[in-house]
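Asks: sequence and computational prediction follow.
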Amino acid sequence: MGDPSRAGSLRPFFAALGAAAAGCLVFALLLSSSLSATTRESIGGTGLLLGGLAVVASTGVAAVRSQGSRRTAWILLCAAAATGLVTNLVTEAMAIDPMEDTGFVGGALAVAMMLSIVGLIRLPSTRQRGAELGLMMLDGLVMGCAVLVIASITVFTPLVEAGTGSVVDEAAALLLPCLDVALATIALLLLVRSEGDRWFYSLIGSGFLLMAAADMAFAVQAAEGTFRLGTLEDLGWIAGYLLFAAAARHPQASVPEKQAPDDPASGVRGTILVFAILMTALVVQLMYPKDDLLTSTQMVLWLLLVLAAGTRQTLLAADNSALRNGLERRVREQTADLRRMSRHT
């Protein structure tokens, strides 16, 4: 039978997760309906405000219940959510067009993303072995390069081509996508390296990936002048907010689970995810229409990606060999001890 106390602690989380799923379904139906564009725009804005309120409330509760570095992480994430919420409220109240007044909106969102990056980095509570830390860094390099390759083709190129301002304006336009790439990479790292807190980190990572994808789509559409609130693309922000709010209500959000024993399948899952992202970058590179097959920047990224992937597999094989040799040595020592005890008896 299950643990009644654990079931009771999971009840608020499942309620929040169910509410998030229901909210995503309702907003998907409304945003894809035949309502007028003005009505759907109001629905999209309402969804962003409700999602922001849910994240602020959930992360605030998690910060109160947590201790140590995890409390600091939740405070930073709560501050990031509050910054985004206030930005959306001011934008709605003062009827600010985010495509025209990019200084206020872009600056506030950049602050929110930097707070989120620092909060995500401080969120994991388990210490890693030297080899595991090296693998985590190489995983981050592989996934970061792969995400940058995808973003350089689908996001950065349209932004640069659409840019007509000064170098400073173009750099400011590229700032938010760069921060989104960093957020997406850290979210993918959380998905790869999660062990005992797999449910919790999966929701956290999925929420940030959805928001990063929505931010990148917004950056491209804003540069092209085609962005409009009230479409299905708003669901990326709304679903990301609601998933993140539900994850903050998980029991492991405030009380980290003890580090689980090594799972042989976890390394396989991590390798599959890393190389799935690598193959996605390769498919995007080959299939996306462009004038040049490879730019100089993309060549450097692919060189770093291949070197990091090869080093990762070499380090993983060396670590597995060292662990196997250590296990065999312990077995030989224990067998010798048993033989000595047998002769003594």
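Replies: Structure's in. What do you need?

Asks: what about Leu25, distance to Leu235?
Replies: Between Leu25 and Leu235 the distance, using C-beta to C-beta, to the nearest Å, works out to 10 Å. The C-beta positions use only the backbone N, C-alpha and C, and glycine is treated the same way.

Asks: nope, Thr185 is what I meant
Replies: Note on Thr185: its distance to Leu235, by C-beta to C-beta, is 23 Å.

Asks: Leu25 and Leu235: who's more crowded?
Replies: Per other C-beta atoms under 10 Å, whichever of Leu25 and Leu235 has more neighbours is Leu235, with 19 against 10.

Asks: how near is the more buried one to Ala308?
Replies: For Leu235, the distance to Ala308 equals 33 Å [C-beta to C-beta].

Asks: check Met287 too.
Replies: Plainly put, Met287 is 23 Å away from Ala308 if you go by C-beta to C-beta.

Asks: next: Leu176.
Replies: Distance of Leu176 to Ala308, given as C-beta to C-beta: 25 Å.

Asks: wait, doesn't Leu31 sit right on Thr231?
Replies: Yes - the pair Leu31 / Thr231 is scored as a contact, 6.3 Å apart, by C-beta atoms under 8 Å.

Asks: shared neighbours of the two, anything?
Replies: Jointly contacting Leu31 and Thr231 under the rule C-beta atoms under 8 Å, 6 or more residues apart in numbering are 40, 44.

Asks: tell me which of these two has more neighbours.
Replies: A count of neighbours by other C-beta under 10 Å puts Leu31 above the other of Leu31 and Thr231, at 21 against 16.

Asks: and the nearest residue in space to the more buried one that is not next to it in sequence, which of the three is it?
Replies: Nearest non-adjacent residue to Leu31, counting by C-beta to C-beta, 6 or more residues apart in numbering: Leu232, 5.2 Å away. State at Leu232, reduced to three classes by DSSP: H, G, I helix; E, B strand; the rest coil: coil.

Asks: list the contacts of Leu232.
Replies: Counting by C-beta under 8 Å, 6+ apart, the residues that Leu232 touches are 28, 31-32.

Asks: do you know the pLDDT at it?
Replies: With respect to pLDDT, Leu232 scores 86.

Asks: try Ser69
Replies: On pLDDT, Ser69 comes in at 80.

Asks: quick check: closest non-adjacent residue to it.
Replies: Arg122 (5.3 Å).

Asks: can you get me a residue count around the one you found?
Replies: Per other C-beta under 10 Å, the neighbour tally for Arg122 reads 18.

Asks: that one and Thr72 touch, don't they?
Replies: Yes - Arg122 is within contact range of Thr72, at 5.7 Å (criterion: C-beta under 8 Å).

Asks: buried set for stretch 217-224?
Replies: Neighbour-count burial for stretch 217-224 flags 217-223 (criterion: 16 or more other C-beta atoms under 10 Å).

Asks: which one among the contacts of Leu232 gets closest to Arg65?
Replies: Closest approach between the contacts of Leu232 and Arg65, by C-beta to C-beta: Ala28, at 31.6 Å.

Asks: regarding the closest one, which helix or strand does it belong to?
Replies: Assessed by DSSP states H and E, Ala28 sits inside helix 4-31.
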